[in-house]
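Chemist: give me the fold of what follows.
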Amino acid sequence: MKTTLAIVVLFLAFVETQAQEQIKRGVYSFGGSVSYSYSRNYFDDQLFYKISTITISPNVTYFIVDNVELSASFGYSQTDYDLLVRDNKLRTLSSGLGLRYYFSASNTLAPFIGAGGLVMWNTLMGGAYSTPQWTYNVIGGLEIFVAQSVAIEPSISYSKIRTDSDASSIGIQFGIGAKYFIL
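Modeler: Model (predicted):
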């Protein structure tokens with residue numbers, strides 16, 4: 001029993017040291033997320049249309065000072081609309097920058113808050129890409145360090161999308177991502 005307790009204490013001490021090293025100045029990380037969504041929409045109990053979307057969103061980050069991270073993200077998504085009378089495909093390319101602040105909470109956790117901006121271009125049915133659409137977001141989440149260089153990142157974000165001078169939309173998104181840290 002004493003041996004097991006000693007091993008657990010040594011392990012937790014090691015994890016604490018490692019968790020603090022990931023959010024220090026000069027650390028890089030690669031990460032991102034992959035998501036899929038599907039919905040069937042009904043009107044008067046009749047299937048009206050179906051929507052499915054797949055999104056791939058890699059990113060690279062750098063800690064400019066302790067606990068402050070600068071990120072660059074890139075994204076691609078494809079949305080298929082089955083409107084019963086015809087099928088449509090919407091493709092979106094995006095690129096963005098963000099800034100986050102991390103709080104040192106425990107051995108393996110680091111909550112964060114951040115803000116960012118994203119520019120997107122859309123094409124419908126393979127046509128020309130649209131004029132840029134701008135998205136601004138505020139995000140909060142938690143880095144859960146599952147290994148020395150690996151973290152899982154559940155988050156919630158609030159965003160506003162500006163499509164043109166007269167139109168915009170707002171949304172809330174729940175997500176989960178993963179990161180690989182280069183110490």
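
Chemist: what's the neighbour count on residue 123?
Modeler: Per other Cβ atoms under 10 Å, the neighbour tally for residue 123 reads 14. In this view, the C-beta of every residue, glycine as well, is placed from N, C-alpha and C.

Chemist: any idea which element it lies in?
Modeler: Using DSSP states H and E, residue 123 maps to strand 109-124.

Chemist: buried stuff in the next helix or strand after that strand?
Modeler: The helix or strand immediately downstream of strand 109-124 is strand 133-147, counting by DSSP H and E. For strand 133-147, the neighbour count (16 or more other Cβ atoms under 10 Å) marks 133, 135, 137, 139, 141-143, 145 as buried.

Chemist: can you give me the angle the lengthiest strand in the chain makes with strand 109-124?
Modeler: As assigned by DSSP state E, the longest strand anywhere in the chain is strand 46-65. If you take axes from the mean of the first three to the mean of the last three Cα atoms, to 10 degrees, strand 46-65 sits at 130 degrees to strand 109-124.

Chemist: which elements pack onto the very next helix or strand once past strand 46-65?
Modeler: Downstream of strand 46-65, the next assigned helix or strand under DSSP H and E is strand 68-82. Counting contacts by 3 or more Cβ pairs under 8 Å, 6 or more residues apart in numbering; DSSP states H and E, strand 68-82 packs against strand 46-65, strand 87-102, strand 109-124.

Chemist: now tabulate the ones you listed in CSV and tack on mean pLDDT and distance to residue 75.
Modeler: As requested, the helices and strands packed on strand 68-82 are exported to CSV (pLDDT from 0 to 100; distance: least, Cβ to Cβ, whole Å):
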stretch, mean pLDDT, distance to residue 75
strand 46-65, 88, 4
strand 87-102, 93, 4
strand 109-124, 93, 8
